[in-house]
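Student: Compute the structure for the input listed below.
(2 chains)
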Amino acid sequence: MDGAPVVAPPSVHQPSTMVPTAPGLQSERAARLEAHGICAWFGGRLVLDRVSLLMERSVVTALIGPSGCGKSTFLRILNRMHEAVPGAQFAGSVELDGVDIYSPDQRATATRFRIGMVFQKPNPFPAMSIYDNVLSGLRFSRIKVSHADDLVEEMLTKASLWNEVRNRLKSLGGELSGGQQQRLCIARALAVRPSVLLMDEPCSALDPTSTRRVEETIVDIAHDVTVVIVTHNMQQAQRVSQQCAFFLAAENEPGRIVEAGPTDVMFSNPTDARTTDYVHGRFG
Amino acid sequence: MTDTTLLAPPPIPVPEPEEPAAPPVPRRSRDLRTEDVGVLIGSALAAVAAVWLVFYQLTLLSGAFGFVVCTVALFLVLYWSVNLQLHGRLVASDRLLSVAVGLGAMSLAIPLAFMMGFLVVKGWHLLSAHLFVEDLKGVPVIPVAGVNKTGGLAHAIVGTLEQVGIAALFGVPAGVMTAVFLHEVGGRFTRTVRTVVTAMSGLPSIMAGLFIYTIWVIGISRHIPFVQSYSGLAGAMALAILLVPSITRTTEEVLKVVPGGLREASMALGAPQWRTVWSVVLPTARTGILTAVVLGIARAVGETAPLLFTIFGNTVMNADPLHGPQESLPLFIWSNVKSSYPARINLAYTAALVLVIIVLFLFTLARVLGGTRGTGRVRSSKKRQVAT
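Tutor: This next block holds a predicted model:
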């Protein structure tokens, strides 16, 4: 484990309700993700140009930037979902705790088991009950679950959903409201105990109360799970993340990382003028 | 000093008790009121009476078709003009158009109702419980003294059920798996397979029968010891050839309705693709697939041509699909309605009625099963709220 942490100590601008991850107390389960020189093509068109980023364990990294810069593509490359799109190509390497996940001896399904993902549109399985939804990840990988009830309760509690559904665990997953569905998806993703959780704008379709709950969940789990979150909401990035990466794609150009660093530095004293313009809302 | 009299606030008006207001009457109600129904019926009766008068009393015009056409025309004219008098031009045109569209819809239903009525009238009187237990063994074609048998359809019904059952056993998994391949797996052969399936769905049904006849009945089965050449199995195979493209196409449409986000979610949990299809996609599309299967089976139940030279027909019960010729309902109708003996002809009409009842039952079943949405969401009346 590296001695020097990547993040600066939490600044006074962070709301007091948020408990920042203290450096040095990093968990065994959370993994470190490194992306080196990522290039991505869709049908021959280059959409990401040599993107490199270090996502340290137990740290919440936010990817910010205007629409269409390749943030979601970058995210999907991190858990090998990019290759499932027909016509998609990729160059570079992604290392999970030092192991290249794209090497031929690594199974994509095993990688996706360790690097989970929560999507922008909530997608619980409608043909399964809430109970089965939470356990679905483990069942798909044929992992025997002892004390399934306890696991379901633990995961739903972590996702701030337990109190609302404790009496109707057998009702179908599609019968919840949007915010509840997204929290169910988070519980489902957490149930397989991933090392990394990727979140693609998880709150963009949610009301403010559900957004607040999801952000609290992110802060809670950040100790055990490395979180990488794509967000359009800069206040959200400031609230939940310790590290930020600013993506930008000029017209007819592929996306690149303009600047990356600790969140408070990025928002208060960025190096690049484009970052200053973006975080102050002058474009995007 | 000015007298600062505080101005008292004006007295609050106390509302006088008023009579209870009459309940509000909705304006421009679209429901038919009694007088509207009266106008409708009156116009119809008047039209019938007037045309009857013209046709049969005043002129030498004749013919049922002409009668109906003139009645309808006169009815529309009368209905329009009465409404014009009562409600004005706008309402009259609107009502006229509504009635004309209604009549058009009814005219579509008339041939169907006529056919059903015809079948019921011709086949009803022989419909009884013993139809389902007796076959034509020992039943004379003309009444013979001392023989009291009228015969039944048991052998045909059993034959139909067995042939369609075996066809479904082969055809349903093949059809569903083909649809899964086309939609979920894809790849280089997708276009070829899709072309083949489309071609198969246009195949004349007698070609399916001919194919099985050539390959199996006079070919392979001669060399296999445990089957005979004409058999229910051969008929089932011919029916399966017709089942597969129908089930494939409908199932593929149903799979398209399953949102792609579900597959992504399953993939993101580390599931391999076959597990995604088996545990997420198919259960979500379950009701749609069931509907596709039932509709395919309903089609296969009524097929006659593929059975002509595969099961060959029989007059006695043969419950063994592997050995010997069998009968089936459509084949029974075909061979008996051409018979010279009225007893057999009547039995054929009854068989037609039974067949139509079976198909109607299957269609109703398909509608009931398809009552839930394709994604597996259940209607609110069926929601389960079981406490854990």
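
Student: Would you state the helices of the stretch 101-250 of chain A in chain order?
Tutor: Under the criterion DSSP state H, counting those that start in this stretch, the stretch 101-250 of chain A carries helices at the ranges A:108-114, A:130-140, A:148-158, A:162-165, A:178-191, A:208-221, A:234-240.

Student: tell me the most buried of those helices?
Tutor: Looking across the helices of the stretch 101-250 of chain A with neighbours counted as mean count of other C-beta atoms under 10 Å in any protein chain shown, the highest average goes to helix A:178-191: a mean of 25. Any C-beta I mention is one placed from the backbone N, CA and C, and that applies to glycine too.

Student: Is any residue of that one near chain B?
Tutor: Yes. Counting by C-beta under 8 Å from any C-beta of the partner chain, chain B has neighbours in helix A:178-191: A:Cys185, A:Arg188, A:Ala189.

Student: what distance separates that helix from the middle of the whole chain?
Tutor: On the basis of C-alpha atoms, centre = their mean, to the nearest Å, the separation between the geometric centre of helix A:178-191 and that of its chain is 13 Å.

Student: That helix versus helix A:208-221: what angle between them?
Tutor: On the basis of axes from the mean of the first three to the mean of the last three C-alpha atoms, to 10 degrees, helix A:178-191 is oriented at 10 degrees to helix A:208-221.

Student: mind checking pLDDT for whichever residue of the stretch 151-300 of chain B sits closest to chain A?
Tutor: Shortest the stretch 151-300 of chain B-to-chain A distance, computed as C-beta to the nearest C-beta: residue-wise this is B:Gly270, at 3.1 Å. On pLDDT, B:Gly270 comes in at 92.

Student: which residues sit in contact with it?
Tutor: Under the criterion of C-beta atoms under 8 Å, 6 or more residues apart in numbering or on different chains, the contact list for B:Gly270 reads A:Thr109, A:Ala110, A:Thr111, A:Arg112, A:Phe113, A:Arg114, A:Gly137, A:Phe140, A:Ser141, A:Val192.

Student: what's the closest residue to it other than its chain neighbours in contact with, if anything?
Tutor: Setting aside the residues directly before and after it, B:Gly270 is nearest to A:Phe113 in space (C-beta to C-beta, 6 or more residues apart in numbering or on different chains), at 3.1 Å. Neighbouring residues of A:Phe113 by C-beta under 8 Å, 6+ apart: A:Gly137, A:Ser141, A:Val192, A:Pro194, B:Leu269, B:Gly270.

Student: Same question for A:Thr276.
Tutor: Contact analysis of A:Thr276 by C-beta under 8 Å, 6+ apart lists A:Pro270.

Student: is it true that it lies in a helix?
Tutor: Yes. Counting by DSSP: H, G, I helix; E, B strand; the rest coil, one finds A:Thr276 located in a helix.

Student: returning to what we had before: quick one: secondary structure of the residue of the stretch 151-300 of chain B closest to chain A?
Tutor: Reducing the assignment to helix, strand or coil with three-state DSSP, the entry for B:Gly270 is coil.

Student: Over to it: give its phi and psi.
Tutor: The phi and psi values for B:Gly270, taken as degrees, to the nearest 10, are phi 90, psi 20.

Student: which parts of chain A sit against chain B?
Tutor: A:79, A:81, A:84, A:109-114, A:116-117, A:119, A:121, A:123-128, A:131, A:136-137, A:139-141, A:166-172, A:174-175, A:185, A:188-189, A:192.

Student: which one is residue 99 nearest to, not counting chain neighbours?
Tutor: Unless you meant another one, I'm taking chain A. Spatially, and ignoring its direct neighbours in sequence, A:Val99 is nearest to A:Gln106 (7.1 Å; C-beta to C-beta, 6+ apart).

Student: wrong one, I was asking about chain B
Tutor: Excluding the flanking residues, the one nearest B:Val99 by C-beta to C-beta, 6+ apart is B:Tyr79, at 6.0 Å.

Student: who are the neighbours in contact with that neighbour?
Tutor: Counting by C-beta under 8 Å, 6+ apart, the residues that B:Tyr79 touches are B:Val39, B:Leu40, B:Ser43, B:Arg95, B:Leu96, B:Val99.

Student: wait, is A:Gln89 part of a strand?
Tutor: Yes. Residue assignment for A:Gln89, taken from three-state DSSP, places it within a strand.

Student: Next, count neighbours for it.
Tutor: By the other C-beta atoms under 10 Å in any protein chain shown criterion, the neighbourhood of A:Gln89 contains 14 residues.

Student: quick one, what contacts the closest residue to it other than its chain neighbours?
Tutor: If you skip the residues right next to it in sequence, A:Gln89 has A:Trp41 as its closest partner in space, 4.2 Å away by C-beta to C-beta, 6+ apart. The contact partners of A:Trp41, taken as C-beta under 8 Å, 6+ apart, are A:Val47, A:Ala88, A:Gln89, A:Phe90.

Student: Now restrict these to buried residues only.
Tutor: With burial judged by 16 or more other C-beta atoms under 10 Å in any protein chain shown, the buried subset of these is A:Val47, A:Ala88, A:Phe90.

Student: Closest one of these to chain B?
Tutor: Within the buried ones among the contacts of A:Trp41, proximity to chain B (C-beta to the nearest C-beta) peaks at A:Ala88, which comes in at 13.7 Å.

Student: circling back: now the buried ones among the contacts of A:Trp41 in JSON lines, with pLDDT and distance to A:Ile221?
Tutor: Listed next are those as JSON lines, based on pLDDT from 0 to 100; distance: C-beta to C-beta, whole Å:
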{"residue": "A:Val47", "pLDDT": "93", "distance to A:Ile221": "30"}
{"residue": "A:Ala88", "pLDDT": "91", "distance to A:Ile221": "29"}
{"residue": "A:Phe90", "pLDDT": "90", "distance to A:Ile221": "28"}
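
Student: thinking again about what came up before, what's the per-residue pLDDT of the residue nearest to A:Val99 here?
Tutor: Reading off the confidence values, A:Gln106 has pLDDT 90.

Student: In terms of pLDDT, where does residue 23 sit?
Tutor: The chain I'm using is chain A. The model reports A:Pro23 with a pLDDT of 48.

Student: right idea, wrong chain: chain B
Tutor: pLDDT, read off for B:Pro23, is 80.

Student: and it, which of the three is it?
Tutor: coil.

Student: how close does it sit to A:Val60?
Tutor: Separation of B:Pro23 from A:Val60 (C-beta to C-beta, to the nearest Å): 62 Å.

Student: which of these two has more neighbours?
Tutor: Set side by side, B:Pro23 and A:Val60 give different neighbour counts by other C-beta under 10 Å, the larger being at A:Val60 (27 against 6).

Student: How about the residues of the stretch 151-300 of chain B by chain A?
Tutor: Counting by C-beta under 8 Å from any C-beta, the residues of the stretch 151-300 of chain B near chain A are B:259, B:261-262, B:264-272, B:275-276, B:279-280, B:283-284, B:286.

Student: Thanks a lot, catch you later.
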